[in-house]
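# Sequence first, then the predicted structure:
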Amino acid sequence: MAMDSFQTIFEASALPHQTAQAHETLKKMDPNPPFMSTYKQLLKAQPSCNHDLASVEECELPLIDLSLLYTENASRCKREIAAASQNWGFFQVVNHGISSELLHRIRSEQVKLFRQPFENKCKDFSADAYRWGTPTATSLHQLSWSEAYHIPLCQSTDLSKHNTIIRLTIEELAVSLSSLAHLLGGVLAEELGGDGAYFERNCNRETCYLRLNRYPLCPVPGGLFGLVPHTDSDFLTILCQDEVGGLQLMKDGRWITVKPNPSALVVNIGDLFQAWSNGMYKSVEHRVISNESEERFSVAYFMCPSYDSMIESEAEKSIYRRFSFREYRQQVQEDVKMVGYKVGLSRFLVGGA
Ligand SMILES: O=C(O)CCC(=O)C(=O)O
Ligand SMILES: [Fe+2]
């Protein structure tokens, strides 16, 4: 039965009445990465992937109204941001100061960018910005059914050789998201009694990244991960998602689905903030679930420091040893290569191996 449905997926893409030439032309125009042919062996070996997604509950993340920061309720608002970062590692913000016109503009540029033929995608931005699937996957559980442009903002001047509009839109968005990230980072640092200006000094537009994600329709029965479970290797991430949904996070040992809120941005704590706050703020595992009927888009801004920035908490007894962002990145890359996955912060525990 499972094998039948797998064959149907493959055969659906074979059009018997087409000439070879027409087929070639269609293939050339296809925006989708060649998931089915590339992962044919994995899909054959494991025709459906039981991620046990059915039992996942939907919830609303703590919702923070940032306009309160400019009222007499500012202290309460700051405490709520810190509490959500401790208890959830995730929250959503409204009245965040990013214009909805700009968010719509980036979305429509992003859609155009991803709708171009697959063949053109590597050519548009600098060579290694465009990624799709998971080249190292040896099982369906390790495969991300998505494509992305992972854009270092330091390259914003030569971001896109051909497309000026998207370049300008990305630059404009980076400026706004950078102020929002500094604002949130400052609040979180001050709530810890720490250095509120740390992020202004160590993270600037040159050191941060913007990631444009697209989750294409996934015809595999039972669905696959759009993005495999992970934590982010930054201080904090600001995410603008569409209304399709699919983002899930780990809370109290269970996966829960985040209910999309069209007027909110989602914020999550990354590994560096967990270390910097001595484990107070949580870098929580999250993942995206693909679906077979609606494609999904999201934009993520990663607040990262310069590679030489040192990450250490001001606590008397630090859980993690002092490390540079460069060291962290290198360790993550080495682990992915050697162990097959990101080990993350546990590598940097005081007294750890
Ligand atoms: O698309 C999403 O909802 C999440 C994206 C994400 O987690 C990431 O890019 O690190
Ligand atoms: Fe993430």
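On my side now, so go ahead. Given the structure is predicted, the values throughout are model-derived calculations rather than measurements. Ligands and ions are numbered 1, 2, ... in the order given.

# Just want the residue of the stretch 151-300 of the chain that's nearest ligand 1.
The nearest approach of the stretch 151-300 of the chain to ligand 1 comes at S298, 3.4 Å away (CB to the nearest ligand atom). C-beta: built from backbone N, CA, C; applies to glycine.

# quick one: that residue and V187, what's the gap?
24 Å (CB to CB, to the nearest Å).

# Give me the secondary structure label for the residue in the stretch 51-200 of the chain that ligand 1 sits nearest to.
Using CB to the nearest ligand atom, A148 is the residue of the stretch 51-200 of the chain that sits closest to ligand 1, at 7.0 Å. Following DSSP: H, G, I helix; E, B strand; the rest coil, A148 is assigned to strand.

# Over to the one 3 residues further on?
Look at I151: counting by three-state DSSP, its state is strand.

# can I assume E314 is in contact with A275?
No: under the criterion of CB atoms under 8 Å, E314 makes no contact with A275, lying 11.7 Å away.

# Could you check which of S298 and V187 has the larger neighbour count?
The residue with more neighbours, out of S298 and V187, is S298; 25 against 21, by other CB atoms under 10 Å.

# longest helix of this protein?
helix 164-191 (DSSP state H).

# Mind giving me the packing neighbours of that helix?
helix 74-87, helix 100-115, helix 198-202, strand 209-215, strand 236-241, strand 296-303 (3 or more CB pairs under 8 Å, 6 or more residues apart in numbering; DSSP states H and E).

# near ligand 1, which residues of this structure?
Proximity of the chain to ligand 1 (CB under 6 Å from any ligand atom) is limited to residues 211, 213, 227, 232, 239, 241, 247, 286, 288, 298, 300.

# one more time with 5 Å
Proximity of the chain to ligand 1 (CB under 5 Å from any ligand atom) is limited to residues 211, 213, 241, 247, 288, 298, 300.

# hang on, the earlier thing: compare E314 and A275 (neighbour count), which wins?
Using other CB under 10 Å, the more surrounded residue of E314 and A275 is A275, with 25 against 14.

# State the pLDDT value of the closest residue to that one other than its chain neighbours.
Nearest in space to A275, with sequence neighbours left out and distances taken as CB to CB, 6 or more residues apart in numbering, is Y320 at 4.4 Å. On pLDDT, Y320 comes in at 98.

# What values do phi and psi take at Y320?
Dihedral pair for Y320: phi -110, psi 150, per degrees, to the nearest 10.

# give me the number of residues near it?
If you count neighbours by other CB under 10 Å, Y320 ends up with 22.

# so where is the stretch 251-353 of the chain shaky, pLDDT-wise?
Along the stretch 251-353 of the chain, segments meeting pLDDT under 70 span 353.

# Next: the stretch 101-250 of the chain.
For the stretch 101-250 of the chain, the stretches flagged by pLDDT under 70 are 124-127, 155-162.

# in the longest helix of the chain, what's buried?
Applying a neighbour-count criterion of 16 or more other CB atoms under 10 Å, one finds 166-167, 169-170, 173-174, 176-178, 180-189, 191 buried in helix 164-191.

# returning to that earlier point: which of the residues of the chain next to ligand 1 lies closest to Q86?
L247 (20.2 Å; CB to CB).

# Spatially nearest residue to that closest one, not counting backbone neighbours?
Spatial nearest neighbour of L247, excluding adjacent residues (CB to CB, 6+ apart): V258 at 4.5 Å.

# Test of understanding: give the bridge partners of the one you found.
C59 (DSSP bridges).

# So it is in contact with V266, correct?
Yes: here V258 reaches V266: they are 6.7 Å apart, a contact under CB under 8 Å.

# Identify the contacts common to those two.
Residues within reach of V258 and of V266 at once, by CB atoms under 8 Å, 6 or more residues apart in numbering, are 61, 90, 247.

# I figured E80 was touching P62, is that so?
Yes: counting by CB under 8 Å, E80 touches P62, with 6.8 Å between them.

# So between the two, which is more surrounded?
E80 (19 against 16).

# can you pull the contacts of the residue nearest to the more buried one when sequence neighbours are not counted?
Take E80 and drop its neighbours on the chain: the residue closest to it by CB to CB, 6+ apart is I64, 5.6 Å away. Contact partners of I64, counting by CB under 8 Å, 6+ apart, are 77, 80-81, 84, 91-94.

# From the chain's centroid, how far away is the one helix or strand I64 maps to?
If you go by DSSP states H and E, I64 is part of strand 63-65. Centroid separation between strand 63-65 and its chain, computed with CA atoms, centre = their mean, to the nearest Å, is 21 Å.
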